[in-house]
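[1] just need the structure, nothing else, for what follows:
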Amino acid sequence: MSEKEELRAMFQELTEYEKQKVGLGIDGLPASPMQIVQAHLMCEDTVYMRDYVLNEEGDIKALWFTRVEL
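    This next block holds a predicted model:
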């Protein structure tokens, strides 16, 4: 899969989470699917770790992306 296809797939995935009222954010700040994809696109040398936050029933209630220093 090309980088463009990966970013498009990520945007679609995050948009689905947003429709399900899952909170999204990057580096501790709320963010839209487009902002998260743009951060990945602009910072090619940066790695982001996904942090899934679950509710009491085990459903995803938030998805945070945190920059990881290598």
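
[2] list the contacts of the lowest-mean-pLDDT helix or strand in the chain.
    Every helix and strand in the chain was compared by mean pLDDT, DSSP states H and E; the lowest is helix 33-42, with a mean of 92. Outside of helix 33-42, the residues within contact range by CB atoms under 8 Å, 6 or more residues apart in numbering are 7, 10-11, 14-15, 17-18, 24, 26, 31, 46, 48, 65. Quick note: C-beta positions are derived from backbone N, CA and C, even for glycine.

[3] what number of neighbouring residues does the closest residue to Phe11 other than its chain neighbours come out with?
    In this structure, Phe11 finds its nearest non-sequential neighbour in Val37, 4.9 Å apart by CB to CB, 6 or more residues apart in numbering. Number of residues near Val37 (other CB atoms under 10 Å) recorded here: 21.

[4] before we move on, the earlier item: buried stuff in the least confident helix or strand of the chain?
    The neighbour-count check on helix 33-42 (16 or more other CB atoms under 10 Å) flags 33, 36-37, 39-40 as buried.
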